[in-house]
Each structure stands twice: as C-alpha cells, then as structure tokens.
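> Next comes the sequence, and after it the predicted model I'd like to discuss.
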Amino acid sequence: QHLAWAERYAQWLDDTALRPAPGERYWLHSPNHPRVYTGIPHGATGIALFYLALAQATGDDAHLQAAKES
C-alpha cells in the first residue's frame, strides 16, 4: 500500500515539475512563491532522495533518472 502511494506521489511530482532544459527539473514551493529551494526539508534534494529510495524499492530506472535530474 505505501509503495503504491509513493508511486502515485512520484507521478504527481513528474506532472508538476518545471523543466527548464533537458535533464533538469525543479519545483516551486507554491504557485506564487518566487524562490526555488534546493535543500533536503522542502527542496529538490529531498525530492531526489525520495526518487532514489523509490528506485531502490522498485528497480525502476525512471525513478533513478528523475533523481539525477532533480
């Protein structure tokens, strides 16, 4: 059950990511917030760690690629 939730959340992250160039992605903290955060608690680093854990749990290379792009 938890893995299924994580997969759905990963899909939501994929759908909401901003991609300024191939191989890059980031997320805004909120729709009208101008800053981009990169740290673990609420930034791309934490998202990358989530993708890495999901890649390890599922063996899905798409999650590993997403971690590299984050």
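That came in fine, so what should we check first?
> ok, His29 - contacts?
35-37, 42 (Cβ atoms under 8 Å, 6 or more residues apart in numbering). Yep, even glycine has a C-beta here, placed from its N, CA and C like the rest.
> May I see the residues you listed arranged in JSON lines, with secondary structure and distance to Ala48 as well?
JSON lines is the format used below for those (DSSP: H, G, I helix; E, B strand; the rest coil; distance: Cβ to Cβ, whole Å):
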{"residue": "Arg35", "secondary structure": "coil", "distance to Ala48": "18"}
{"residue": "Val36", "secondary structure": "coil", "distance to Ala48": "14"}
{"residue": "Tyr37", "secondary structure": "coil", "distance to Ala48": "12"}
{"residue": "His42", "secondary structure": "coil", "distance to Ala48": "13"}
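> and of those residues, the nearest to Ala55?
Nearest to Ala55 out of those is His42 (Cβ to Cβ; 21.1 Å).
> nearest residue to the closest one other than its sequence neighbours?
For His42, ignoring the flanking residues on the chain, the nearest one in space by Cβ to Cβ, 6 or more residues apart in numbering is His29 at 6.7 Å.
> so what pLDDT did the one you found get?
Looking at His29, its pLDDT is 73.
> Where does the spatially most central residue of the chain sit, in terms of helix or strand?
Centroid-nearest residue in the chain: Ile47, 4.2 Å away (criterion: Cα atoms, centre = their mean). Ile47 is part of helix 44-58 when elements are defined by DSSP states H and E.
> who does that helix touch, helix- and strand-wise?
The contact analysis (3 or more Cβ pairs under 8 Å, 6 or more residues apart in numbering; DSSP states H and E) places helix 44-58 against helix 2-16, helix 61-69.
> Out of the ones you listed, which is the most enclosed?
Among these, ranked by average contacts under mean count of other Cβ atoms under 10 Å, first place goes to helix 61-69 (a mean of 16).
> List the contacts of that one.
10, 13-14, 19, 23-25, 48-49, 51-52, 54-55.
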